[in-house]
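3D, please:
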Amino acid sequence: MTLQLVELIQVVIAFVVGGAAIVVAHPSVSSLHATFDVDRLVVNDAGSTSGTWIDGQQASAAPTQLPPAGVVAFGLVQVPVETLVG
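From the prediction side, this is the model:
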């Protein structure tokens, strides 16, 4: 699965269905895990228990820049991400 970030303002990653744009049903994903700001191409960890990782580097609550292509891990769940600009 590749998550392509196009035409969105913010994407919420969560374990629960309510209010999340993307639900990841895995025990290592917190009920509110992370957010993407697609305009700025950054991810913020939302205080998750098992962390958000971008290409092996842990993201914090501060905005962390996404690479043009890479892997974002929400807990133990790894998701290839490709930003499309154009």
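
where does this structure dip in pLDDT?
Applying pLDDT under 70 to the chain flags the ranges 1-20, 84-86.

kindly recompute the last result at 90.
Applying pLDDT under 90 to the chain flags residues 1-29, 31-33, 35-43, 66-72, 77-86.

the strands in it, which residues?
Taking DSSP state E as the test, the strands found in the chain are 3-5, 10-14, 22-23, 34-37, 42-45, 52-54, 57-58, 64-65, 69-74, 77-83.

would you list the ones you listed in JSON lines and tack on mean neighbour count?
(Each C-beta comes from the backbone N, C-alpha and C, glycine too.) Below are the strands of the chain laid out as JSON lines (neighbours: other CB atoms under 10 Å):
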{"stretch": "strand 3-5", "mean neighbour count": "13"}
{"stretch": "strand 10-14", "mean neighbour count": "18"}
{"stretch": "strand 22-23", "mean neighbour count": "15"}
{"stretch": "strand 34-37", "mean neighbour count": "22"}
{"stretch": "strand 42-45", "mean neighbour count": "20"}
{"stretch": "strand 52-54", "mean neighbour count": "21"}
{"stretch": "strand 57-58", "mean neighbour count": "10"}
{"stretch": "strand 64-65", "mean neighbour count": "14"}
{"stretch": "strand 69-74", "mean neighbour count": "18"}
{"stretch": "strand 77-83", "mean neighbour count": "15"}
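
for Glu82, give the beta-bridge partners.
Gln4, Ala69 (DSSP bridges).

from now on call the first residue 37
Taking 37 as the first residue, the last one we looked at is Glu118.

mind listing what the residue lying closest to Pro99 once chain neighbours are set aside touches?
Nearest non-adjacent residue to Pro99, counting by CB to CB, 6 or more residues apart in numbering: Val78, 3.8 Å away. By CB atoms under 8 Å, 6 or more residues apart in numbering, Val78 lies in contact with Phe72, Pro99, Thr100, Gln101, Leu102.

and what of Gly83?
By CB under 8 Å, 6+ apart, the contact list for Gly83 reads Ser66, Leu68, Ala97.

format these as CSV; extra columns: distance to Val117 and neighbour count.
Output for the contacts of Gly83, formatted as CSV (distance: CB to CB, whole Å; neighbours: other CB atoms under 10 Å):
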residue, distance to Val117, neighbour count
Ser66, 19, 22
Leu68, 19, 17
Ala97, 19, 13
